[in-house]
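Novice: Sequence plus the predicted model coming up.
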Amino acid sequence: MTVTRTGIRSFGAYLPRRRLQRAAIAAAHAWALPGLKGMAKGERTMCAWDEDAITMAVEAGRDALRGHDRAKVAGVTLASTTAPYADLQNAVLVNAALSLDATAGAADQSGSTRAGLAALIQACDGSRPRLVIGSERRLAKPGSAQEMSFGCGAAALLTGSGEDLIARFVGSESRSIPFIDHFRQSAEKHGYHWEERWIRDEGISGIVPQAISALLKRLGRSAADVACFGLSGGIAGTDKLVAKQLGIAPDRLLPDLQAQVGDTGAAHALLQLVAALERAKPGDLIVVAAFAQGCETLAFEMLAEPTATGRRGLAGSLAQRVEETSYLKMLSFDGELQLEWGMRAETDNKTALTQLYRSANQIFGFSGGRCGVCGTVQFPRMPACVNCGAIDSQQPHALAEEPAQVATYTADWLQYSQSPPLYMGLVQFDVGARLLMEIVDVGSAGIDVGTPLEMRLRIKERDGLRHFDRYFWKATPPH
């Protein structure tokens with residue numbers, strides 16, 4: 001009997017470009033909470049107002065799918081404790097934005113910050129290609145330790161079987177134990193966290209080493225065989241504590257990402273796995289664990305070094321940073337600070353769900369049209385070609401991956417924007433399409449005519465009355 005070899009075929013990552021200095025958070029609270037100064041080292045990722053678990057998942061998924069046939073992906077799983085919708089399948093929106101086939105399954109996995117690893121274990125138990133994405137926009141109460149330690153980000157792993165695997169799945173071990181270190185009810189914005197020493201000494205030290213030891217024993221391996229080890233779900237330093245208990249050498253530890261990113265919840269273990277895939281050599285044993293109401297741990301054997309596909313990955317995401325020092329900006333973006341934006345912000349942003357359905361391919365997939373008569377590419381797709389006037393001649397043409405540049409632009413301080421000024425202008429695609437778009441993530445250097453642009457799915461408008469977010473693509477300069 002032939003055993004099907006399953007594992008990881010590709011990977012990707014996305015981190016918000018804004019990196020808020022923790023010193024800025026501590027300084028803002030120094031009048032009341034001077035103790036936060038002790039946590040003021042490094043920086044954390046910070047979402048823009050128009051980023052969330054869905055938009056980051058799409059970016060990580062695009063990164064993982066570079067060079068791969070999207071038509072062969074059998075499904076996508078989105079693991080997140082901060083996905084925006086409770087009764088609308090978030091993964092379906094990710095599926096549509098990635099232009100995956102409608103026959104591909106879509107599933108949300110939540111309820112715990114170890115959901116990312118749990119979803120990956122389930123995907124590796126099957127041979128059909130599946131995209132597993134962990135994505136989190138974590139919110140914390142202002143002035144809390146979590147505000148200092150949390151971060152935002154996403155990681156994606158494309159699993160499957162065959163000869164093109166870069167890492168082989170060799171086993172997993174789970175522990176489901178009602179050890180409650182933190183919790184957040186469905187209707188609550190912020191969670192409640194228990195005492196760190198109790199979590200470290202009784203929870204992590206007692207549960208995680210047992211699970212990893214059981215896995216290594218079943219695989220016939222020892223701690224000395226582990227080339228890369230990562231642990232998420234605990235405070236900084238607990239990975240070193242567990243490694244010492246198990247006898248894993250300190251130089252085998254994966255980056256905990258606390259100083260540069262922060263704790264990204266369900267995405268964190270997957271980000272650490274991406275870090276391992278970027279540095280491991282063929283034959284290396286990778287072990288990653290996630291602590292939360294027990295433990296998930298899994299092991300991969302590295303088979304081949306990843307091929308160059310233009311992937312951003314974790315290393316590229318870390319490098320694409322813009323330093324942020326405005327703590328009030330994070331409060332505003334996270335909805336913790338309600339600014340008076342004036343009458344221009346007083347609009348009804350109701351989305352016509354009928355039109356959203358009819359134009360889903362264009363809105364989520366950013367699919368324009370290419371005329372079959374003259375070859376002109378345009379957006380949106382219309383019955384008549386804008387160039388030759390041919391009727392019903394257009395075939396879908398995706399623009400999300402097409403190179404583009406600034407044709408004209410303006411920075412508007414009068415029109416309402418949650419991140420003023422509102423940059424907008426004509427975007428010229430190399431394939432010929434030209435359209436008016438919002439331009440976001442413009443750094444201090446600004447933009448100019450000819451500045452290269454990339455496309456990003458973002459939140460276009462928030463409907464505060466009905467609590468529905470409308471998504472569309474925006475342009476951003478590369479950093």
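Specialist: Done, it's in. Numbers count the residues shown, from 1 in each chain.
Novice: contacts, neighbours, all on C-alpha from now
Specialist: Fine.
Novice: This structure: helices as residue ranges?
Specialist: According to DSSP state H, the chain carries its helices in the segments 22-29, 53-64, 90-97, 115-124, 145-149, 196-198, 205-219, 238-246, 268-279, 313-319, 327-333, 353-358, 360-363.
Novice: my read: I391 touches C385, true?
Specialist: Yes. Between I391 and C385 there is a contact at 6.6 Å, judged by C-alpha atoms under 8 Å.
Novice: Any idea how many residues pack against I177?
Specialist: 12 (other C-alpha atoms under 10 Å).
Novice: Now do the same contact list for it.
Specialist: Q293, G294 (C-alpha atoms under 8 Å, 6 or more residues apart in numbering).
Novice: so where's this protein uncertain?
Specialist: The chain contains residues with pLDDT under 70 at 1-4.
Novice: Tell me which residue is most central in it.
Specialist: The residue lying closest to the centre of the chain (C-alpha atoms, centre = their mean) is A154, at 2.1 Å.
Novice: so it bridges to which residues?
Specialist: Per DSSP bridges, residues listed as beta-bridge partners of A154: Y14, S135.
Novice: measure it to R62 for me?
Specialist: Per C-alpha to C-alpha, to the nearest Å, A154 is found 11 Å from R62.
Novice: before we move on, back to that, so between I391 and C385, which is more surrounded?
Specialist: C385 (23 against 12).
Novice: That one and I204: what is the separation?
Specialist: C385 is 62 Å from I204, by C-alpha to C-alpha.
Novice: and what of G369?
Specialist: 54 Å.
Novice: Comparing these two, which shows the higher neighbour count?
Specialist: Legend: neighbour count by other C-alpha under 10 Å for G369 and I204, higher for I204 (28 against 24).
Novice: can you tell me which residues contact the more buried one?
Specialist: The contact partners of I204, taken as C-alpha under 8 Å, 6+ apart, are G234, T238, V242, F291.
Novice: Now stretch 362-380: buried residues?
Specialist: The neighbour-count check on stretch 362-380 (16 or more other C-alpha atoms under 10 Å) flags 362-371, 375-379 as buried.
Novice: Show the end-to-end separation of that stretch, please.
Specialist: 7 Å.
Novice: Partner strands of the top strand by length along the chain and their direction?
Specialist: The strand that spans the most residues within the chain, counting by DSSP state E, is strand 452-463. Strand 452-463 pairs in its sheet with strand 404-406 (antiparallel), strand 468-476 (antiparallel), by DSSP bridges.
Novice: could the ones you listed be laid out in a markdown table, adding mean neighbour count and distance to Y357?
Specialist: Formatted as a markdown table, these follow (neighbours: other C-alpha atoms under 10 Å; distance: least, C-alpha to C-alpha, whole Å):
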| stretch | mean neighbour count | distance to Y357 |
| --- | --- | --- |
| strand 404-406 | 23 | 27 |
| strand 468-476 | 21 | 12 |
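Novice: Out of those, the one nearest P209 is which?
Specialist: The closest of these to P209 is strand 468-476. By C-alpha to C-alpha, the value is 42.2 Å.
Novice: just the angle between that closest one and helix 53-64, please?
Specialist: Put simply, strand 468-476 runs at 40 degrees to helix 53-64, going by axes from the mean of the first three to the mean of the last three C-alpha atoms, to 10 degrees.
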